[in-house]
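Undergrad: Below are the sequence and a predicted model; questions follow.
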Amino acid sequence: YKNIKKLEPGGILIYDLNNSSVKFEKLKWEKEKVFLNKDNASNDSILENFKNVFYDSVKHHFVSDVPVSILFSGGNDSTLIAAVSRDLGFSPRAFHFQIENKSDPFYAEEISKHLGFKMEILRADKKDIKETYLNIMQNLDEPFADISIIPSVMLYSLIKEKAKVALTGDGGDDLLHGYARHRYFNGLSVSKNPRFIFNNIFKLSRLNCRLSQKYLTPLMIRMLNKLEKTGNADIASAYLEKSALSHLNFGADFKELFYFLRKQIYELRGIPLEIFYDLFFYLPNDLTHKTDIASMFNSIEARTPFLDKEVFNFLLTVYNGEDKKYYQDKFLIKETLKNYLPDNLIYRKKEGFSFSLQEYLAEEIKEDFEKCLKFYVENYERFGLNRGLIKNLAKSKNFRELIFKKYPRFVFALISNYKFIENNNLIL
């Protein structure tokens, strides 16, 4: 992937046919409306503005030549889309995905009864998961570390004969403070350099031998968490520490990543620091990318009402308001849902859309992991991987077991990259 780059969100590449030159521009996005000011920033007006903007978004996303469906997990985001859809007079098919021994459709069924629509449960078992894994590994055209791509592809494959357009709740957590890590980031600020103590403990947490990863790393992580909770960490360092691969020295340059993050934060002032990482890194490079892969793989158009331009414009005014509560802990979503549901169906534990590789694909992953390491031992430099880590993993079955348990996304990314190279006969 040397010298191969992606366009950033809002990026435009202009190729001049006359002189074969390339130019890059950034889409300029001017705010068209001012939703809130000091005179109308009361609790009721903010909720009413959010309701109006979101209703308009859902309505616009139903414009289609074919029936529009909803991916209905039973979580707050998809529930709000379903409730608003019914309120607007639409009767979409609602699909609820259930993996064997993983999820309980109880809450989704209760919510569908309250809202008055029929929910269709789509089920998958261990055999389906294995088939999907093999299928994905034959078709991914770049490394991808999010293992939830597997249930995502399964879901869209199950509805492809039933629907061609589907609304998803993607973006609700990212825009409105829905992840647990957002509470960790609260109160942290930007500093010019990584804090000395934090930086050194972080380095100790990333040592690449089995004993360090098994015993020292958990201790260092607890120390880092304490530093974050007491405000003794900068926000960019905390982003890196909370990322999926942060405590493994797989080859990334910590300082380079830190300064890149800090630069982006300064360029996009006005966005709350605690949601910045998810909004501008996780959302475009993982969540929506995964949805795009899974839906397009099955010839389905996925639409995201929460990521509508007007919804984001409205939330920009909320972010810059005086009261943080309106964008924290999904306050606007939950308050709006009170018009439709009792509290016990709104305020409950969040469930992520994922599953355990160890539980469903242990044999397949371990076999592919060992196989791909033989390739990376000879080619670690070409992929920016840490030589010591790769060699230690190739030598030790126990170390591979530990890394598979602690960093399944890293293992998944190595395998997906290797499979792409193998499938396209790029191995020299």
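TA: In hand now; what should we look at?

Undergrad: Following the helix or strand Met154 falls within in sequence, what is the next regular element?
TA: For Met154, the host element (DSSP states H and E) is helix 149-159. Under the assignment DSSP H and E, the closest C-terminal helix or strand after helix 149-159 is strand 165-167.

Undergrad: Listing partners with orientation, what would you give for that following strand?
TA: Applying DSSP bridges, strand 165-167 is found paired with strand 68-71 (parallel), strand 301-303 (parallel).

Undergrad: Which of the residues in it are classified as buried?
TA: Applying a neighbour-count criterion of 16 or more other Cβ atoms under 10 Å, one finds 165-167 buried in strand 165-167. Just so you know, the C-beta spots here come from the backbone N, C-alpha and C atoms, and that holds for glycine as well.

Undergrad: Tell me the one of those residues nearest Glu401?
TA: Nearest to Glu401 among the buried residues of strand 165-167 is Ala166, at 38.0 Å by Cβ to Cβ.

Undergrad: which ones are touching the residue nearest to that closest one when sequence neighbours are not counted?
TA: Using Cβ to Cβ, 6 or more residues apart in numbering and skipping residues adjacent in sequence, the residue nearest Ala166 is Ser69, 4.9 Å away. Under the criterion of Cβ atoms under 8 Å, 6 or more residues apart in numbering, the neighbours of Ser69 are 92-95, 159, 162-163, 165-167.

Undergrad: now Asn379
TA: Asn379 neighbours (Cβ under 8 Å, 6+ apart): none.

Undergrad: What distance do you get for it to Asn344?
TA: Per Cβ to Cβ, to the nearest Å, Asn379 is found 54 Å from Asn344.

Undergrad: Ok, Arg86 next?
TA: From Arg86 to Asn344 the distance is 20 Å (Cβ to Cβ).

Undergrad: Pull out the buried positions in the helix or strand His114 falls within.
TA: His114 is part of helix 106-115 when elements are defined by DSSP H and E. Buried residues in helix 106-115, counted by 16+ other Cβ under 10 Å: 107-108, 111-112, 115.

Undergrad: Throw these into JSON lines and include distance to Tyr184, thanks.
TA: Shown next, in JSON lines, are the buried residues of helix 106-115 (distance: Cβ to Cβ, whole Å):
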{"residue": "Tyr107", "distance to Tyr184": "26"}
{"residue": "Ala108", "distance to Tyr184": "29"}
{"residue": "Ile111", "distance to Tyr184": "29"}
{"residue": "Ser112", "distance to Tyr184": "34"}
{"residue": "Leu115", "distance to Tyr184": "34"}
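
Undergrad: Relative to Leu287, which of those is nearest.
TA: Distance to Leu287 across these (Cβ to Cβ) is lowest for Ala108, with 20.6 Å.

Undergrad: Not counting residues beside it along the chain, what's closest to that closest one?
TA: Closest residue to Ala108 apart from its sequence neighbours, by Cβ to Cβ, 6+ apart: Gly74 at 3.0 Å.

Undergrad: can you check Ile365 too?
TA: Distance criterion Cβ to Cβ, 6+ apart; nearest residue to Ile365, sequence neighbours excluded, is Leu357 at 5.4 Å.

Undergrad: Report the backbone C-alpha coordinates of the helix or strand containing Ile333 in CSV.
TA: Assigned by DSSP H and E, Ile333 belongs to helix 331-337. The C-alpha trace of helix 331-337 is given here as CSV (Å, rounded to 0.1, in the frame of the first residue of the first chain):
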residue,chain,number,x,y,z
PHE,A,331,-29.8,12.9,25.9
LEU,A,332,-31.7,14.2,22.8
ILE,A,333,-32.4,10.7,21.6
LYS,A,334,-33.6,9.4,24.9
GLU,A,335,-35.8,12.5,25.7
THR,A,336,-37.4,12.2,22.2
LEU,A,337,-38.0,8.5,22.8
